[in-house]
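Asks: Make a model of this:
(one chain, ligands or ions: 1)
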Amino acid sequence: MNEQTHYAVVTNDVIAAKTPWLILDTTKENADIIEALKTGLASGEVVVADNFHDLAKQMQVPADVLSETMTSYNQGAHEGHDTMGKDPEYTVPVERVPYYAIKIYPVIMGTFGGVKTTKQFEVLTDGGQVIKNLFATGETANKVIYNHVYMSGSSVQFALTSGRIAGEVAAKQL
Ligand SMILES: Cc1cc2nc3c(=O)[nH]c(=O)nc-3n(C[C@H](O)[C@H](O)[C@H](O)COP(=O)(O)OP(=O)(O)OC[C@H]3O[C@@H](n4cnc5c(N)ncnc54)[C@H](O)[C@@H]3O)c2cc1C
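Replies: Sure, this is the predicted structure:
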């Protein structure tokens, strides 16, 4: 996949792939992460091999497909284009053995959901009535500002702003 796209978009691709892997080669730049990854080898969620065929076997993915994908990716990287659509400026060949593959999992860093509120962040019932003295802000409040894609930085600003508004409203109602 093209990991240059926005992380909220890449996450959708990661979820769709179900069991995606990240592949690294042994460069100077990757030395620290590879040192850390070695501790995961026993788990089977990090695998290492000297060629893509053997790497694929350990990943339990079709060896021919992985070898072809990596060969065409590396060729593109040398020629200045990326088969996945990434800007060639950020495309580097993956060819220094041994190769490492790491199973990756998406994690939740926030929600688009939460309970419905008024603009003062007073919590509403299913029927749209205000529940007295109950406020929801930040992660607990419904964020009507989103559609399907998260905007970077918007959660913290929403938590701060909604919390301040709710606090002021609550103080006035005391
Ligand atoms: C890895 C990661 C990266 C993120 N990066 C960004 C980013 O770059 N930009 C951005 O805008 N947002 C980012 N977010 C999201 C953002 O951090 C959250 O949306 C925001 O902090 C939510 O604030 P909050 O006050 O609503 O909730 P929280 O910060 O979760 O605060 C809730 C507090 O309530 C406490 N609590 C829970 N239960 C109880 C209880 N029963 N009694 C008393 N206290 C309780 C918790 O301990 C916690 O301190 C990131 C989140 C994660 C996890």
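
Asks: Contacts only, for whatever residue of the chain ends up closest to the ligand.
Replies: Minimum separation of the chain from the ligand (Cβ to the nearest ligand atom) falls at residue 138, amounting to 2.0 Å. For the C-beta atoms, the positions are set from N, CA and C on the backbone; glycine is no exception. Applying Cβ atoms under 8 Å, 6 or more residues apart in numbering, one finds that residue 138 lies in contact with 155, 158-159, 162-163.

Asks: Okay, it and residue 171: tell me how far apart.
Replies: Using Cβ to Cβ, to the nearest Å, residue 138 is found at 18 Å from residue 171.

Asks: pretty sure residue 22 is touching residue 94, no?
Replies: No. Residue 22 sits out of contact with residue 94 when judged by Cβ atoms under 8 Å, with a separation of 10.6 Å.

Asks: Comparing these two, which residue is more hemmed in?
Replies: For residue 22 versus residue 94, neighbours defined as other Cβ atoms under 10 Å are more numerous around residue 94 (17 against 14).

Asks: what's near enough to touch the more buried one?
Replies: Remark: with contacts taken as Cβ under 8 Å, 6+ apart, residue 94 is in contact with 23-25, 70, 73-74, 77.

Asks: mind running it again at 6 Å?
Replies: Applying Cβ atoms under 6 Å, 6 or more residues apart in numbering, we find residue 94 in contact with residue 25.

Asks: So is the longest helix along the chain next to the ligand?
Replies: Longest among the helix segments of the chain by residue count, using DSSP state H, is helix 154-173. Yes. Applying Cβ under 6 Å from any ligand atom, one finds helix 154-173 touching the ligand at 154-156, 159.

Asks: Now list the buried members of the residues you listed.
Replies: Applying a neighbour-count criterion of 16 or more other Cβ atoms under 10 Å, the buried members of these are 155, 159.

Asks: Please identify which pair of the residues of helix 154-173 next to the ligand lies farthest apart.
Replies: Every pair in the residues of helix 154-173 next to the ligand was compared (Cβ to Cβ); the two farthest apart turn out to be 154 and 159, at 9.7 Å.

Asks: ok, the nearest residue to residue 52 once chain neighbours are set aside to residue 93 distance?
Replies: Taking Cβ to Cβ, 6 or more residues apart in numbering, and ignoring the residues beside it in sequence, residue 52 has residue 67 as its nearest neighbour in space, at 4.5 Å. Residue 67 sits 15 Å away from residue 93, taking Cβ to Cβ as the criterion.

Asks: Okay then, goodbye and thanks.
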